Every structure is written in C-alpha cells, then in structure tokens.
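A.B. asks: Fold the following, please.
(2 chains)
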Amino acid sequence: MASFWEYANPLKFMRTTERVLPFITFAAVVCFVGGLIWGFFFTPDDYRQGSTVKIFYIHVPSAMMAINIWVMMLVTSLIWIVRRHHVSALAARAAAPIGAVMTLVALITGAIWGQPMWGTWWAWDPRLTSFLILFLFYLGYMALWAAIDDDDTAADLTAVLCLVGSVFALLSRYAVNFWNQGLHQAASLSLDKEENVADVFWYPALVCIAGFVLLFVALVIIRTNTEIRARRMRALMARERQA
Amino acid sequence: MSALLIRDLRLAMRAGGGFGLGLSFFLIVVVLIPFGVGPETALLSKIAPGVLWVAALLACLLSLDRIFALDFEDGSLDLLATSPLPLEGVAAVKALAHWLTTGLPLVLAAPVLGLLMSLPMAGFGPIVLSLLLGTPALSVIGAFGAALTVGIKRGGLLLSLLVLPLYVPTLIFGAEVARRGAEGQDYMTPLLMLAGISAAALALLPFASAAVLRVNLR
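C.D. replies: The predicted structure follows:
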C-alpha cells in the first residue's frame, strides 16, 4: 500500500506531479474557458444588477482561493514542523504568491463590482477589510521568506509565522466584524445552506471554481518543482566549488 | 529572571536612544496630527482616541528591534539560551522590560497628549485603561516579531511589515474602548476583548518567540 508520505521524497514528488501536470493544466484551461464563456454569455442578466453580476464568476472563486490557499499553507507548514519534509515547506512557499495574487484579484474585482452597485470603489466593510489584512499577511510571509538566506531557517521561521499569523488573521476577522457593520452581502455559496444562488448561476460558478482550484494546483506543482530544481542546482554548484 | 529584568532595564535607561525615544516619538506624532488635519477642536476631539492609539502603537514599534538585536550581536543571547533559565522565560522577561520602558511611559503620557488633542473629559479614563491593558499585548507580539527577524541584517522594515498586521485586533479593540469612552457609551465589551487578547498573547506568544529564537540561534 503506497503511503501518502512517499511524496515527501522530492524525486517521487517530481516524477508523479510531472506526469499529472499536463492533465491538470488541460482541465484547468477547459474549466476556465468553459466556465467563463458559460457564465458570461449563456446566463441571464440579474434583474437588479444587470450584467455587472457576471464579475461574480471571477470574484467569488478568487476570494475562496485566497482563504483556502492560506489554509493550505497552514497545513503544509504544520507538516514541515512536525515531519520535516522539505517538499511540504517548499509547497507552502510556492503557494504564497499565488494566494497573494488571488487576494488582490478578489479585492480588485470587488472594487470594480462595488463601484456601480454600492457607488464606491472601497468601503471599510468587514469583509473588504479582512481581505486587505489577509493581503498584508501574505506580503509579510513572502518578505520573510525572501529575507533569509538559509533555507531551513527560512522554512522554520515562516512556518511559525504562518501558525501565529493564522490565529491573528482569524482574530482580526472577528475584530473587524465587531468594529464595523458592512455593505457586503452574506456568503453566496456555502455547504450548509438549503439554497444558494439560483441554479442557472450556480453551475457555471462551480465550473469556474473548479478552474481556479485546478489552476492553483498546476501553479503550485510548477513552482514547487522549480524550487526543488533550483535547490539541487545550488547544491551541485556548491559541491563543484569544493572539488 | 529578576536579575535579567533589572539588567535589561538598566541597559535601556543608560544606553542612549532607547528609553525616551519612544515617548518623544509619541509626542511628535500627536503634535503633527493637528498640522495635518487643521486645528478645529471638534474634529480633533472626535479623532483623538484613534490618533492616540495609532501613535502609541507606532511608538511601540519603533523600539522593537532593540529587544533582541543587541544581545544577539554580542552573543549574550547565546549565553541566555544555555543558561538554566528557559528561553520562554527569557522571551517573556524581555517583553516585560520592553513594556516597562516603552509601554508604561506611553500610558502615563497619554492623558497629557489627550489634552493637546482636546480629548473629551469622559475619554481620559478609558484611554489610559485601554492603553494599560493593550500595550502589554503590543510588547509581547512585538517581541515575537523581533525574535523572527533577529538574524536579519537591517530587519527593521521587515519587522514592521510582519508585526503591524498582527497588531490589528489589539488596535481595533483598544481604539474602540477609547472611542466609546470618549463618546460616553458603555465600553465593557471591547475592554474585555482587549484584556482577553492581552492575556492570551502573554500566555502563548513567549513560546512562539522562544521557538523562533532557537531556530535563529542554531
């Protein structure tokens, strides 16, 4: 029985991921193109919001990914702290910039959507504010990775920062809720509700979400493998200098 | 532990540039605000609680990198790490020393600066109370940030980038206490939340700081 932890071996990880990468990339492209075309051209306009509602197909998936990528980084950081698998730490590092971009995309599409709907690009609404704070957390995390030369030290420190940061990010979320009541509507998609948005919008949105998830997986694989190769190259060069 | 505390306090007082600097910074930020927004009393008294809190937070930030950096450079941190005192205790004592030399003076200076900002009479109690309860959290969180960046040359800017997002909940509840107090509302709920954040940070963060210090010292 093959264990999940076999993939802690960089070689095994790279071999397997590179075999599945083309399929994931292809599926991501299909979902993206399909979902966005479906959402943009084959769904009715909202009766109040008109066609501006269609930015939903980018806004909601990117916002979901922004949070979930942080959770993924939290999990991989924990795995690094507990089991010391380098691939895990590298995956966390690889995911951070993608998460930051997703947060930025969610913020920007939100501003573009908010302008016609709320009449303002930005409001200090709890959801908007907590996303901005999340973005700052991503920035700090990436800056710490970039600032430290030694790989293992950097992995350790950023992992602890990710743990502490998660607690404070969660705390900020509730503090911000307390601080200001907002404009933003409640969550549009959740698993514990009977009814989400109407089915005509729901199915293309699901396809778009799948597209975003697949895109993220593909990017993380590429970035992690690049990082593994870069490390191997550095090791080879160091060995050459010694010889 | 008390010996370490006394040593840190002495160092902070005698070595120039540490002790009064945060306080002067607090003063100058508060003095600059009216130049920026205009001298209207009504406006100033409305924004006074928030300005005092943000200025106190920035003043706290200013002296964070001194918590561990000097001891790291001259090797006394290695000595402390090998001493019988647990590193968690060292981290906690260092944060306490930082609070005594930076946080506490800010708390004491806040009423005077509140006068400058024409803070309403009802706001003086809450601002002192909220700073008294909130600045320990700022020091402990800051000590964690300082421990993270201790090995980095010129880590000051990075330190602020790491620490400021962590300050958000403390600032929100602290400023909320001060604002509600100044407007004469009930401020018990945010006060309790602020105290809770401080208590939790005091209890848990020294462990994180110590873990990070061990990584940086190996």
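
A.B. asks: Can you name the helix or strand that residue 112 falls in?
C.D. replies: All of this refers to chain A. Element membership of A:I112 [criterion: DSSP states H and E] is helix A:86-118.

A.B. asks: Sorry, I should have been clearer: chain B.
C.D. replies: Going by DSSP H and E, B:V112 is in helix B:104-116.

A.B. asks: what does B:F25 give?
C.D. replies: Counting by DSSP H and E, B:F25 is part of helix B:19-37.

A.B. asks: cool, and A:S130?
C.D. replies: Under the criterion DSSP H and E, the helix or strand holding A:S130 is helix A:126-147.

A.B. asks: Determine the set of other helices and strands touching that helix.
C.D. replies: Contacts defined by 3 or more CB pairs under 8 Å, 6 or more residues apart in numbering or on different chains; DSSP states H and E place helix A:126-147 against helix A:56-83, helix A:86-118, helix A:151-179, helix B:156-182. From N, CA and C alone the C-beta is placed, and that goes for glycine too.

A.B. asks: by how many degrees do it and helix A:86-118 diverge?
C.D. replies: Going by axes from the mean of the first three to the mean of the last three CA atoms, to 10 degrees, helix A:126-147 is angled at 150 degrees with respect to helix A:86-118.

A.B. asks: what angle sits between the lengthiest helix in chain A and helix A:86-118?
C.D. replies: Looking across chain A with DSSP state H, the single longest helix is helix A:199-242. Between helix A:199-242 and helix A:86-118, the angle comes out at 140 degrees (the same axes, to 10 degrees).

A.B. asks: Report the mean per-residue pLDDT for helix A:199-242.
C.D. replies: Mean pLDDT, helix A:199-242: 89.

A.B. asks: now swap in stretch B:7-22 and tell me
C.D. replies: Rounded mean pLDDT across stretch B:7-22 is 72.

A.B. asks: Could you list the low-pLDDT ranges of the chain?
C.D. replies: All of this refers to chain A. For chain A, applying pLDDT under 70 flags the ranges A:1-2, A:46-50, A:181-200.

A.B. asks: let's do chain B instead
C.D. replies: For chain B, applying pLDDT under 70 flags the ranges B:15-19.

A.B. asks: rerun that using 50 as the cut-off
C.D. replies: Along chain B, no part satisfies pLDDT under 50.

A.B. asks: before we move on, back to that, what helices or strands is the longest helix of chain A leaning on?
C.D. replies: Using 3+ CB pairs under 8 Å, 6+ apart: helix A:199-242 touches helix A:10-41, helix A:56-83, helix A:86-118.

A.B. asks: the inter-axis angle of it versus helix A:10-41?
C.D. replies: When the same axes, to 10 degrees is applied, the directions of helix A:199-242 and helix A:10-41 differ by 150 degrees.

A.B. asks: Any idea how far helix A:199-242 is from the middle of the chain?
C.D. replies: 11 Å (CA atoms, centre = their mean, to the nearest Å).

A.B. asks: go on, stretch B:106-126?
C.D. replies: Put simply, stretch B:106-126 sits 17 Å off its chain's centre (CA atoms, centre = their mean).

A.B. asks: which residues touch that stretch?
C.D. replies: With contact meaning CB atoms under 8 Å, 6 or more residues apart in numbering or on different chains, stretch B:106-126 is reached by B:22-23, B:26-27, B:30-31, B:33-34, B:41, B:44-45, B:47-49, B:51-52, B:55-56, B:59-60, B:127-128, B:131-132, B:135, B:177-178, B:180-184, B:187, B:191.

A.B. asks: I'd like to know which of those residues are buried.
C.D. replies: B:22-23, B:26-27, B:30, B:33-34, B:44-45, B:47-49, B:51-52, B:55-56, B:59-60, B:127-128, B:131-132, B:135, B:177-178, B:180-182, B:187, B:191 (16 or more other CB atoms under 10 Å in any protein chain shown).

A.B. asks: Please point out which parts of the helix holding B:V112 sit buried.
C.D. replies: Across helix B:104-116, burial judged by 16+ other CB under 10 Å covers B:P105, B:L106, B:V107, B:A109, B:A110, B:P111, B:L113, B:G114.

A.B. asks: what's the farthest-apart pair in the residues you listed?
C.D. replies: Spatially, the most separated pair among the buried residues of helix B:104-116 is B:P105 and B:G114, at 14.8 Å (CB to CB).

A.B. asks: how close does A:D45 get to chain B?
C.D. replies: Using CB to the nearest CB, to the nearest Å, one obtains 38 Å as the distance from A:D45 to chain B.

A.B. asks: How about A:S3?
C.D. replies: 28 Å.

A.B. asks: what's the neighbour count on that residue?
C.D. replies: Using other CB atoms under 10 Å in any protein chain shown, A:S3 has 7 other residues around it.
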